[in-house]
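**Student:** What follows is a protein structure lacking sequence information:
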């Protein structure tokens, strides 16, 4: 039982992450290697909610999960040292419990991360209202293009809705941001929102 306690202590200090949760969910289906995980994440559209552009991030996540006893390597081919993506991983019993705990925490919790856009907004007075209008307008165009692309992709989906909830959520968030950006642009243009930028800021 000491091993269980030690594992519990390890996992208690491991912060839940979106990519970690998706890895655990995939390993609940079956053991697999990193290359297959990355391919499935992309094939299933999960790369829209977690960053797997670099396979190293996936390797790092799996290493942390393994260090904390949530996954384990079950196959070590002779060439594994040269091809680490071929190492096969499986979820442990501790990992199964952690997966449910992480899902619960991430669904019921409030946002506690520090996204970049709000950070930029917090120092928007670095630039003039004219420059801010240009920058926000550019973001607004990008947001509009993204939500239209998301809607088009969602309309062509042929799987059950439960597998598309993250897409629905993302579209709603994009809709909300687009509406808010439009309000901010209107307030800047009509003078309801104004400020003076520092002389050396631009």
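**Tutor:** Perfect, I can see it now. This is a predicted model, so every value here is computed, not measured.

**Student:** Just say helix, strand or coil for the closest residue in space to residue 16 that isn't next to it in sequence.
**Tutor:** Closest residue in space to residue 16, ignoring its immediate chain neighbours: residue 102 at 3.9 Å, by Cβ to Cβ, 6 or more residues apart in numbering. C-beta here means a position set from N, CA and C on the backbone, and glycine is covered the same way. With DSSP: H, G, I helix; E, B strand; the rest coil as the basis, residue 102 sits in helix.

**Student:** low-confidence ranges in this protein?
**Tutor:** 1-13, 75-85, 111-113, 200-202 (pLDDT under 70).

**Student:** related to what we said a few turns ago, is it true that the residue nearest to residue 16 touches residue 21?
**Tutor:** Yes. If you go by Cβ atoms under 8 Å, residue 102 and residue 21 touch, sitting 4.8 Å apart.

**Student:** Leaving out chain neighbours, which residue sits closest to the spatially most central residue of the chain?
**Tutor:** Nearest to the geometric centre of the chain sits residue 50, at 3.3 Å (Cα atoms, centre = their mean). Leaving aside its sequence neighbours, residue 50 sits nearest to residue 19 (Cβ to Cβ, 6+ apart; 4.3 Å).

**Student:** now the strands for this structure?
**Tutor:** 32-33, 71-75, 88-91 (DSSP state E).

**Student:** which neighbours does the last one have in its sheet, and in what orientation?
**Tutor:** Note on strand 88-91: by DSSP bridges, its sheet partners are strand 32-33 (antiparallel), strand 71-75 (antiparallel).
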